[in-house]
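*Asks:* here you go, sequence then predicted model.
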Amino acid sequence: MAQATHLTGVERTFNPDQVIVTKTDLKGRITYANDVFQRASNVNEKQSLGQPHSFIRHPDMPRCIFKLLWETIQDGREIFAYVVNRATNGDHYWVYAHVTPSFNNAGEIVGYHSNRREPDRSILNEHVIPLYRELREEEQRHPNRKDGLDASWKLLQRKLHDAGKEYDEFICTLGQGLRRGYR
């Protein structure tokens, strides 16, 4: 399935009580997509099954976040991440994703499972969107994609080091300063 070639600027939302669920094989091809995913992404089940999950990748998503996500789940660990996706008509939607590896009885990774909820808008606006913009700008400063990815990866690692946190702790504590009155 081809990605949308344009962006509409229209943000899709879903009910805070709903959960977007997908499962993929080891290569990231969709093996299950619930109806909430289908509505948010503007696809039906037939259109989504077998597609690489990246078919909904929004160009504003920093590539270093996906690098981190893939390294983490391929290592057998779970990860939480904020993600902006693109529906097939060019609309977009934000999610707070929890991605986990799926294991067989022998303990081998056989695929991946992701649950996504509606994110806290204040965390997006105050923390995530500015961070992702900075990471994408760093990617785009470089003459080729590899150098851009390497540079944004280093920038992300510096920010985590400066915060004194691993990525998981950093993501899970975003917005706590807002709730405590810090900026």
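*Replies:* The structure has been received and is ready for your questions. Numbers count the residues shown, from 1 in each chain.
*Asks:* kindly list the longest strand within this structure.
*Replies:* The residue-count maximum for a strand in the chain (DSSP state E) belongs to strand 92-103.
*Asks:* start and end of stretch 54-70, how far apart?
*Replies:* 12 Å (CA to CA, to the nearest Å).
*Asks:* go through that stretch and flag the buried ones.
*Replies:* Neighbour counts using 16 or more other CB atoms under 10 Å place 55-58, 61-66, 68-69 of stretch 54-70 among the buried residues. Every C-beta, even on glycine, is put in place using the N, C-alpha and C of the backbone.
*Asks:* same deal with stretch 28-48?
*Replies:* Per 16+ other CB under 10 Å, stretch 28-48 contains these buried residues: 28-30, 33-34, 36-43, 47-48.
*Asks:* among those residues, which lie within helices?
*Replies:* 36-41, 47-48 (DSSP state H).
*Asks:* what's the most distant pair in the residues you listed?
*Replies:* 36 and 47 (15.2 Å; CB to CB).
*Asks:* for the spatially most distant residue from the centre of the chain, pull up the helix or strand it's in.
*Replies:* Within the chain, the residue lying farthest from the chain centre (CA atoms, centre = their mean) is residue 106, at 28.6 Å. Counting by DSSP states H and E, there is no helix or strand that carries residue 106.
*Asks:* from the middle of its chain, how far away would stretch 137-147 be?
*Replies:* On the basis of CA atoms, centre = their mean, to the nearest Å, stretch 137-147 is displaced by 20 Å from the centre of the chain it belongs to.
*Asks:* pull out the buried positions in the lengthiest helix in the chain.
*Replies:* Ranked by residue count and defined by DSSP H, the top helix of the chain is helix 145-163. Residues 148-153, 155-156, 160 are the ones in helix 145-163 that count as buried (16+ other CB under 10 Å).
*Asks:* can I get it in CSV, CA atoms only?
*Replies:* Taking C-alpha atoms only, helix 145-163 is exported to CSV below (Å, rounded to 0.1, in the frame of the first residue of the first chain):
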residue,chain,number,x,y,z
ARG,A,145,19.9,10.2,5.6
LYS,A,146,22.5,8.1,7.4
ASP,A,147,24.4,11.1,8.7
GLY,A,148,21.1,12.7,9.7
LEU,A,149,20.1,9.7,11.6
ASP,A,150,23.4,9.4,13.4
ALA,A,151,23.3,13.1,14.3
SER,A,152,19.8,13.0,15.7
TRP,A,153,20.6,9.8,17.6
LYS,A,154,23.6,11.5,19.3
LEU,A,155,21.4,14.5,20.1
LEU,A,156,18.8,12.3,21.7
GLN,A,157,21.5,10.5,23.7
ARG,A,158,22.9,13.8,24.9
LYS,A,159,19.5,15.0,26.0
LEU,A,160,18.9,11.8,28.0
HIS,A,161,22.4,12.1,29.5
ASP,A,162,21.8,15.7,30.5
ALA,A,163,18.4,14.7,32.0
